[in-house]
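Peer 1: Just the structure for this:
(4 chains)
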2 protein chains.
Amino acid sequence: MPELPEIWNLARQMDETLRGKRIAKVEIKQPKCLNLPPEDFQKLLVDKEVQGASSRGKWVFLKLSPGVTFLLNLGMGGEVLYFKDEKNLPQKYRLRVDFQDGSLMVINFFWFGYAHALGDQELPEHFPTAVLGMDPMKEGEFTLLNFKKLLKGKKGGIKAFLMDQKNIAGIGNVYIQDILFTAGLHPNRKIPSLKENEVEGLFKAIGEVLKEAADLGGLAYETDLFNRPGRFKDFLVGYREGKPCPSCGLEIKKIKTGSTSSYICPSCQK
Amino acid sequence: MPELPEIWNLARQMDETLRGKRIAKVEIKQPKCLNLPPEDFQKLLVDKEVQGASSRGKWVFLKLSPGVTFLLNLGMGGEVLYFKDEKNLPQKYRLRVDFQDGSLMVINFFWFGYAHALGDQELPEHFPTAVLGMDPMKEGEFTLLNFKKLLKGKKGGIKAFLMDQKNIAGIGNVYIQDILFTAGLHPNRKIPSLKENEVEGLFKAIGEVLKEAADLGGLAYETDLFNRPGRFKDFLVGYREGKPCPSCGLEIKKIKTGSTSSYICPSCQK
DNA sequence: AGTTGCAACAGGGA
DNA sequence: CTCCCTGTTGCAAC
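Peer 2: Coordinates of the predicted model:
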């Protein structure tokens, strides 16, 4: 379940590690995750050189030269692993990308995931990434002003809003838990009911929770490009059903909120 | 609040009364109910001859020759009145249509309503009427088989389904009350939970309630083309809050169902 | 009481 | 734990 912090770190590592490498070969074991027939997909990638990697929300953008972007969404669980050579490869993978220098990366989806290849002209029309909202790690766009603008006129619950990738890209059902707890907000709070200071606290909470997790290398049960786990494991309320609230000591509850589960302190989150 | 029975009678009366008349003049006091600028609207109607009138759901179709249709939706309350001459005209009206023989009709909207004029080529793209579902008075299309087909796969509440003009055209929040009571169904019953015999009873109830009301000339508090009231006034449960259920004698309740009100017998409607 | 369009919400499938 | 599509529901506007 990689969310923004994991993906952000992964993209940074891919950028540093893969830049300048040229793709030699693409092996596809699971064609349904592609946006193209396997042959077209391979043709688009092979012989292209990695210009750099970046991320927006939960999507990795691997820029290739000339004129192609390799888009990756790991879905609920999934990994990208880099290897200097063929030794120690995992037995199972969905995609394998070999570079001309003998190094390679394998991609695994534990449930659903996407690997899309697009030419420069089609990229702007790639619906899933074209509609992504602002990325909380991009300080120029994720500002309090933009956040308030985005909330203006919205009527729904705050949790559904924050998890909609069209509004803010990168928040999933893991980090949302501590974000809402930090902001002192119940997941079902209606947006119009939020007071000025609650909106500001929420804005701060989003940045803090995600950046702290990113600084720690992401979740302890996820692994990075080099198969190393992250160091973030101390959720405040997330997945701590029945344990005491770190603020007031009351028992943390697991509740249904729409179609997702939420972990909340019934006393601290209104 | 004319629904299908009132509109059906109105269209029949208009057909008999107006057929063969030629429009001499159109006066517009409320341009916002039109689909065209007043001048274009007038130009389309003036000098055309009435070929006939019919209805689908709550819409009246007045066929004009050559090649124009005059569409009328009376919204929540509204009337069409015919006069042999200018004597006894009501003081207030939204639209006045004069015929070359000196007779005329005036149209009144008490709240919202539409008067649209369309050429034959645009008529099929007139969204509001193009998406109308089957009309319960049209025996060829409103069949048990078609009704069951339409219900297939639907998941929502039965009242919302029946009132959606895309499914069945003509049922509003007045007659729906007695239809559901006759069928013994609670407004919030989910469609997938309906048993075969309940579906059949509902189908019969729709036809019976609407046809009986139509035979009686529609609601007693509505008036027809000649300003005569209908004779249907004895609702079974509709608008009879606090009165006894005609079947079991228990008190009829008014409840909120979604955004509309429903009158039900809590004992007879499951 | 009516109709539309849109946002919000819920369920199923990949 | 994902995202997407669809149908349904609710709300505000004429």
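
Peer 1: Find the closest residue to DNA strand C in the stretch 101-250 of chain A.
Peer 2: residue A:156 (2.9 Å; CB to the nearest atom of the strand). Bear in mind the C-beta positions are built from the backbone N, C-alpha and C, glycine included.

Peer 1: neighbours around that residue, how many?
Peer 2: 13 (other CB atoms under 10 Å in any protein chain shown).

Peer 1: Pull the contacting residues for it.
Peer 2: A:190, A:191 (CB atoms under 8 Å, 6 or more residues apart in numbering or on different chains).

Peer 1: That one and DNA strand D: what is the separation?
Peer 2: Residue A:156 sits 10 Å away from DNA strand D, going by CB to the nearest atom of the strand, to the nearest Å.

Peer 1: What pLDDT does the model give that residue?
Peer 2: You'll see residue A:156 listed with a pLDDT of 94.

Peer 1: what does chain A put close to DNA strand D?
Peer 2: Counting by CB under 7 Å from any atom of the strand, chain A comes close to DNA strand D at A:1, A:3, A:57-58, A:73, A:75-77, A:111-112, A:127-128, A:155, A:163, A:165, A:172-174, A:260-261.

Peer 1: Can you go through those and name the buried ones?
Peer 2: A:1, A:3, A:57, A:58, A:73, A:75, A:163, A:165, A:172, A:173, A:174 (16 or more other CB atoms under 10 Å in any protein chain shown).

Peer 1: Leaving out chain neighbours, which residue sits closest to the fifth one?
Peer 2: What that stands for is residue A:73. residue A:114 (4.4 Å; CB to CB, 6 or more residues apart in numbering or on different chains).

Peer 1: Tell me how many other residues surround the one you found.
Peer 2: Neighbour number of residue A:114 under other CB under 10 Å is 18.

Peer 1: Settle this for me: it is touching residue A:35, isn't it.
Peer 2: Yes - assessed by CB atoms under 8 Å, residue A:114 is found in contact with residue A:35 at 7.3 Å.

Peer 1: and for these two, which residues touch both?
Peer 2: With CB under 8 Å, 6+ apart, residue A:114 and residue A:35 have no common neighbours.

Peer 1: For the stretch 51-200 of chain A, which segments count as helices?
Peer 2: Counting by DSSP state H, counting those that start in this stretch, the stretch 51-200 of chain A has helices at residues A:127-130, A:144-151, A:158-163, A:175-183, A:196-215.

Peer 1: Leaving aside the residues adjacent along the chain, what's closest to the residue in the stretch 151-270 of chain A positioned nearest to DNA strand D?
Peer 2: The nearest approach of the stretch 151-270 of chain A to DNA strand D comes at residue A:172, 2.2 Å away (CB to the nearest atom of the strand). With sequence-adjacent residues excluded and distances taken as CB to CB, 6+ apart, residue A:172 is closest to residue A:3, at 4.2 Å.

Peer 1: For residue A:263, give the beta-bridge partners.
Peer 2: residue A:254 (DSSP bridges).

Peer 1: dump the residue contacts of it.
Peer 2: A:177, A:235, A:237, A:238, A:239, A:240, A:241, A:252, A:253, A:254, A:255.

Peer 1: so what pLDDT did the residue nearest to residue A:103 when sequence neighbours are not counted get?
Peer 2: Of all residues not flanking residue A:103 in the chain, residue A:84 sits nearest, at 5.3 Å (CB to CB, 6+ apart). Each residue has a pLDDT score; the one for residue A:84 is 97.
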